[in-house]
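**Student:** Got a predicted model here, sequence first, then my questions.
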Amino acid sequence: MAIEINEIYLSSVLGRSVINSKGDQIGTLRDLIMVPGEVFPEVSHIVIKSRKGLKTLPWSEITLFTHIVISTGSSKPQNLTAYTPAEGDILVKRDLLDKQIVDVDGAKVVRVNDIKLGRLNQQLCIFSVDIGFRGLLRRLGYERFGERFAQAIRRDIPHSEISWEYVQPLEAHSSKLALNIARNQMNEMHPADLADIIENIPVQSIRTVLDSIDAETTGETLYELESDMRNLIISQLDNEQMSDILEEMEPDEAADVLSDLPEQKAQELLEMMDQENAEDIQELLEHKEDSAGGLMNPDYLRFTSDISVGRALEILKGCADEIETVFYGYIVTADDRLEGVVSLKGLIMNLPETHITDIMEENIKSVPIDAEPEDMLETLAKYDLIAIPVLDADEKMAGIVTVDDVLAHYLPQIIKIKRR
């Protein structure tokens, strides 16, 4: 059984002597082989550099592990064997030290400068990673000098460590060491943050990030990326995966993604999608990209004129998860003629038995399907609206355009002006 040890940094033990119970040197510590553990990743073997090459020894044979020596419990360790690199091996120094990881709590990409190890349930585990300047100084052997210098100038060298719970490795084979909490938090990160992460990691690591998030989150993230990066990622996915992702996206966002792809590729993906979803997206693709028809979302909160407020709220609760914008409900006829609009506030503030036609606004502001962004923005701003109905050539309800859809059209221009 290994002797109780305190938390220790990897940089403090790498290169230290490995000796047997008689004090004879077997070699020096080269690396640690990691496996997933019940709580944190665990060391299964140590890798020793000896005169006869690399050797491995199971962690169960280690009786002392400190920053001075690592000793084994027998004069001739029974399980000291030659190390042959295997494809599935994860070595902490080789695969984690100096590598980029995702800090899922801070939503950013960082570099591992050192690794804190500790004992848990008789195992040596990874507790946290050091991403700060202190960790780098420790690696170089200058931590004490750095502390003295910091004291002299009355400053402090901060501790910048991330608990392993919030670490998502970017090396494909190392990602299996990520804890469930890290994987779950990847799905909860804002798509814009995930997009920033993807844009700041090597191309070969992008697939590891995508494999850590679900199809819906992947779709939202792809939409946030610049078209060149987005198309690069799509080229790495097979058509079945991509069609599943598109089906999870809002139709207007899926149409934007497809419009940037070669026409043949876009049609292949549409043919693999659910027919109803594909038809909605195909209709959007037929309009100019920056027109109301190209920016609109065909899915909206739809009511009929024969229901009460209470029934409207039931409908809202039933479909709110599937509809992007629920600030307004639109009262339409069976043939899609727009009769009125109610706000979410209006529904909440009135009694359930109130008839919906008693609270709906009949003086409806709308835009034609071929409206330009300037016209949509002017109407939204003038009447202080979050979304506006889009009517087709027959004056029928085709969808809605939200204020963020229109502003997104202007965002590249705003950024270009700022850069000047």
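**Tutor:** Structure's in. What do you need?

**Student:** Please count neighbours and contacts with C-alpha atoms only from this point.
**Tutor:** Fine.

**Student:** quick one: low-confidence parts of this structure?
**Tutor:** Where the chain drops to pLDDT under 70, the residues are 1-5, 68, 74-75, 77-78, 140-159, 411-420.

**Student:** Tell me how far the residue lying farthest from the centre of it lies from V69.
**Tutor:** Most distant from the centre of the chain: K22, at 51.3 Å, with distances by CA atoms, centre = their mean. According to CA to CA, to the nearest Å, K22 stands 13 Å off from V69.

**Student:** do the same with L313
**Tutor:** 69 Å.

**Student:** In terms of neighbours, single out the busier of those two.
**Tutor:** Just comparing L313 and V69: by other CA atoms under 10 Å the higher neighbour count belongs to V69, 17 against 14.

**Student:** Break the protein into its domains for me.
**Tutor:** Under the assignment automatic domain parsing, the domains of the chain span 8-140, 187-286, 302-410.

**Student:** Looking at those, which is nearest to S174?
**Tutor:** Nearest of these to S174, taken as CA to CA: domain 8-140 at 6.1 Å.

**Student:** Could you give the separation of that closest one from the chain centroid?
**Tutor:** Distance of domain 8-140 from its chain centroid, counting by CA atoms, centre = their mean, to the nearest Å, is 29 Å.

**Student:** ok, which stretches of the stretch 201-350 of the chain are helices?
**Tutor:** Assigned by DSSP state H, counting those that start in this stretch, the helices in the stretch 201-350 of the chain fall at 203-211, 215-224, 227-236, 239-248, 251-259, 263-272, 275-285, 292-295, 309-319, 344-349.

**Student:** and among those helices, the most buried is which?
**Tutor:** Stretch with highest mean neighbour count among the helices of the stretch 201-350 of the chain: helix 292-295 (a mean of 28; mean count of other CA atoms under 10 Å).

**Student:** for that one, packing partners?
**Tutor:** Helix 292-295 is packed against helix 275-285, strand 397-402, with contacts defined by 3 or more CA pairs under 8 Å, 6 or more residues apart in numbering; DSSP states H and E.

**Student:** Please name every helix or strand in contact with the longest one.
**Tutor:** Counting by 3+ CA pairs under 8 Å, 6+ apart, the packing neighbours recorded for helix 275-285 are helix 251-259, helix 263-272, helix 292-295.

**Student:** pull the CA atoms of the longest one into PDB?
**Tutor:** Yep, that's helix 263-272 we're talking about. Below are the C-alpha coordinates for helix 263-272, written out as PDB (Å, rounded to 0.1, in the frame of the first residue of the first chain):
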ATOM      1  CA  GLU A 263     -25.100  23.900 -54.200                       C
ATOM      2  CA  GLN A 264     -24.600  20.200 -54.800                       C
ATOM      3  CA  LYS A 265     -23.500  19.700 -51.200                       C
ATOM      4  CA  ALA A 266     -26.400  21.700 -49.900                       C
ATOM      5  CA  GLN A 267     -28.900  19.600 -51.900                       C
ATOM      6  CA  GLU A 268     -27.300  16.300 -50.700                       C
ATOM      7  CA  LEU A 269     -27.900  17.400 -47.100                       C
ATOM      8  CA  LEU A 270     -31.400  18.600 -47.800                       C
ATOM      9  CA  GLU A 271     -32.300  15.200 -49.300                       C
ATOM     10  CA  MET A 272     -31.100  13.400 -46.200                       C
END
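
**Student:** Torsion angles phi and psi at the residue farthest from the centre of the chain?
**Tutor:** phi -90, psi -10 (degrees, to the nearest 10).

**Student:** can you check M376 too?
**Tutor:** Torsion angles at M376 (phi, psi; degrees, to the nearest 10) stand at phi -60, psi -50.

**Student:** Okay, now stretch 236-252: how far is its last residue from its first?
**Tutor:** Per CA to CA, stretch 236-252 runs 23 Å from first to last residue.

**Student:** now it: how far from the chain's centre is it?
**Tutor:** In terms of CA atoms, centre = their mean, the centre of stretch 236-252 is set 16 Å apart from its chain centre.

**Student:** How about stretch 250-264?
**Tutor:** So, by CA atoms, centre = their mean, the centroid of stretch 250-264 is 21 Å from its chain's centroid.

**Student:** Just to check, D105 is in contact with E165?
**Tutor:** No. Using CA atoms under 8 Å, D105 makes no contact with E165, being 9.2 Å away.

**Student:** Looking at those two, which one has more neighbours?
**Tutor:** Higher neighbour count among D105 and E165: E165, with 20 against 15, using other CA under 10 Å.

**Student:** so what's G318 up against?
**Tutor:** If a contact means CA atoms under 8 Å, 6 or more residues apart in numbering, then G318 has no contacts.

**Student:** ugh, typo on my part, it should be I33
**Tutor:** 43-47, 89-92.

**Student:** Find the nearest non-adjacent residue to it, please.
**Tutor:** Nearest residue to I33 in three dimensions, chain neighbours excluded: L91, at 4.6 Å (CA to CA, 6 or more residues apart in numbering).

**Student:** got it, and D193?
**Tutor:** Distances taken as CA to CA, 6+ apart put A107 closest to D193, at 6.2 Å, once the chain neighbours are dropped.

**Student:** The one you found: how many residues sit nearby?
**Tutor:** By other CA under 10 Å, the residues close to A107 number 18.

**Student:** D335 now?
**Tutor:** The tally of other residues near D335 (other CA under 10 Å) stands at 8.

**Student:** Same check on Q168?
**Tutor:** Neighbour tally, Q168, other CA under 10 Å: 28.

**Student:** Could I get the contacting residues of the closest residue to it other than its chain neighbours?
**Tutor:** Leaving out its chain neighbours, the residue that sits closest to Q168 by CA to CA, 6+ apart is V102, at 5.0 Å. Taking CA under 8 Å, 6+ apart, we find V102 in contact with 108-110, 167-170, 197.
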